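Undergrad: Quick one, fold the following:
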Amino acid sequence: MNRFFILTAAFLYYLIWLILPIFELDEALILFPLPSIYAVYIPIFLLLLGFALVGSYLGYLLIKA
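TA: Got it, this is the predicted structure:
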């Protein structure tokens with residue numbers, strides 16, 4: 001149950017960070033140190049990195065077999 005609250009808090013933090021430019025509060029709150037554009041770029045980068053790692057591993061397995 002504790003993990004649920006931690007994940008919910010992380011999701012809400014990310015969601016608020018993502019919608020800050022809509023309400024023009026991007027630079028008004030110190031709680032979010034990075035600009036909101038990083039809320040878009042970081043997940044894209046992590047997805048690309050994950051696909052590259054999984055693809056490399058699968059390629060390694062295909063070559064090795």
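Undergrad: tell me which element residue 60 falls in.
TA: Assignment of secondary structure by DSSP states H and E places residue 60 within helix 38-64.
Undergrad: List the buried residues of that helix.
TA: residue 39 (16 or more other CB atoms under 10 Å). (C-beta placed from N, C-alpha, C; glycine too.)
Undergrad: Distance from it to the middle of the chain?
TA: In terms of CA atoms, centre = their mean, to the nearest Å, the centre of helix 38-64 is set 14 Å apart from its chain centre.
Undergrad: In terms of helix, strand or coil, where does residue 31 fall?
TA: coil (DSSP: H, G, I helix; E, B strand; the rest coil).
Undergrad: Next one, pLDDT for it please.
TA: With respect to pLDDT, residue 31 has a value of 76.
Undergrad: What is the burial count for it?
TA: 9 (other CB atoms under 10 Å).
Undergrad: Need phi/psi at it.
TA: Torsion angles at residue 31 (phi, psi; degrees, to the nearest 10) stand at phi -60, psi -20.
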